[in-house]
Structure formats: structure tokens, C-alpha cells
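> Below are the sequence and a predicted model for it; my questions follow.
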Amino acid sequence: MELTYKTYESADPIPYDLLLLADPSIEMVDDYFRRGHCVLAYCGDRLVGEFVLIPTRPATVEIVNIAVDEGVQGQGFGKRLVKQAIREAKRLGAKTIEIGTGNSSVMQLYLYQKCGFRIVGVDVDFFVRHYEEAIEENGIPCRDMIRLAMDIHHEQASH
Ligand code: COA
């Protein structure tokens, strides 16, 4: 199935259902959504995914949120969204793209490394410090943020 992409505009409804799938904190979501650049992914006229980029340091953008509708996960849309986020980051002039995910987010760590990201650090106790509720995934407490990055200066993102 083809995906079409549209940059979020203020007249569009904020895609909270998707945003909150990737991040349980509505305060955090509201904070970066206002500052970020959101791209919506449609399959026909159905909204199936989104990602949010924010510029962090010079020539660096971070994917701060990425999600695929639960009803259509596992069909390759997530991988396509990551690749689209890389293309979009390049278009915005970035030379490095970053992403962070929980130590317990096994599938996400797999997906991002498969798309070319490398682990560059660990923000120890990030989720303990920033989230009130304890998070657990795959039977693993989510405490630390695994930081990943990719040099996109020379990278040719494929479809
Ligand atoms: N178990 C194991 N592997 C799985 C899987 C599962 N349940 N679901 C997908 N995969 C594999 C796929 O086989 C694929 O690998 P491959 O390329 O080797 O075949 C890879 O993971 C990506 O799958 P894809 O179908 O592209 O992912 P998706 O459309 O399900 O989207 C997420 C991935 C993470 C975006 C999606 O699961 C999601 O929105 N999750 C909730 C929000 C979230 O966690 N966001 C990230 C926060 S850091």
C-alpha cells in the first residue's frame, strides 16, 4: 500500500491518538509538538502514522515521536516512516538525525538499527526522572533512554 505524506498545519487536528502511542506523557507531547515539525502519513485518506522532528543542535534534528496506528502495525509502515523522517531531516538541512527510545523498546531498537541508526549513548534514568508512572514493556522496566544517531550527510535513504 502506498503512503502519502503531508506536513501538519495548524488547521489539522493534532493526532493525539498516534502521538500518545509513542509517548504516554501528554505534557511532553504538547511541549514538543508546538515546537516541532510533524509529518502525517496517509494510506488513501486514512491517517495511519506520524513523526515529529525538532531541531536540537546545529545541523541536527531529532525524531521525538513516531507512531503507526495499532490496527496497521507490522506491515512495514514504521520502516517507511523512519526512512521518510530521514529524507525530511535532510530536506531541513540536517547532517545528523537522532532518536531516543526506552531500554525496554526492543522492537524499536531493532527497527532503528536496521534503518542505519547506531547507539551513541544512554541517558540513565531518563524515564524515572521525567515520567510519573512506572513504564514496563516486554517484562522489562523502562528506565533509561537509549540514544541513537545517524550521519545523513552522505547517506542515501532508500524507499
Ligand atoms: N515483533 C517482532 N518484530 C516486529 C514486530 C513484532 N511484534 N512488529 C514488527 N516487527 C519487525 C518487522 O518485521 C520489521 O522488520 P523487518 O524489516 O526485518 O521485516 C520491523 O520490525 C519494522 O516493522 P514495521 O511493520 O515497519 O513497523 P510498524 O509499522 O509496526 O511500526 C512502530 C513500528 C514502532 C512505529 C510501531 O510499532 C508503533 O507505532 N509503536 C507504538 C509507538 C512507538 O513505540 N513509537 C516509538 C517510540 S520510540
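Thanks, I have the structure now.
> Test my guess that residue 88 contacts residue 52.
No: at 10.5 Å, residue 88 does not count as touching residue 52 under the criterion of C-beta atoms under 8 Å. Heads up, the C-betas are built off the backbone N, CA and C, glycines and all.
> what's the overlap in contacts for these two?
Taking C-beta atoms under 8 Å, 6 or more residues apart in numbering as the contact rule, residue 88 and residue 52 both touch 37, 39.
> which SS class is the most centrally placed residue in the chain?
Nearest to the geometric centre of the chain sits residue 66, at 3.1 Å (C-alpha atoms, centre = their mean). With DSSP: H, G, I helix; E, B strand; the rest coil as the basis, residue 66 sits in strand.
> Please report phi then psi for the nearest residue in space to it that is not next to it in sequence.
Leaving aside its sequence neighbours, residue 66 sits nearest to residue 51 (C-beta to C-beta, 6 or more residues apart in numbering; 4.2 Å). Phi and psi for residue 51, reported as degrees, to the nearest 10, are phi -140, psi 160.
> now swap in residue 73 and tell me
Main-chain torsions, residue 73, degrees, to the nearest 10: phi -70, psi 160.
> let's have the chain start at 340 instead
Done: numbering now begins at 340, and the last item shifts to residue 412.
> Now for the residue in the chain positioned nearest to the ligand: which residues touch it?
Using C-beta to the nearest ligand atom, the single residue of the chain nearest to the ligand is residue 417, 2.0 Å away. Contacts for residue 417 (C-beta under 8 Å, 6+ apart) come out as 388, 405, 407, 450.
> Among those, which one is most surrounded by other residues?
residue 405 (27 neighbours; other C-beta atoms under 10 Å).
> Surely that one is in contact with residue 424?
Yes: assessed by C-beta under 8 Å, residue 405 is found in contact with residue 424 at 6.7 Å.
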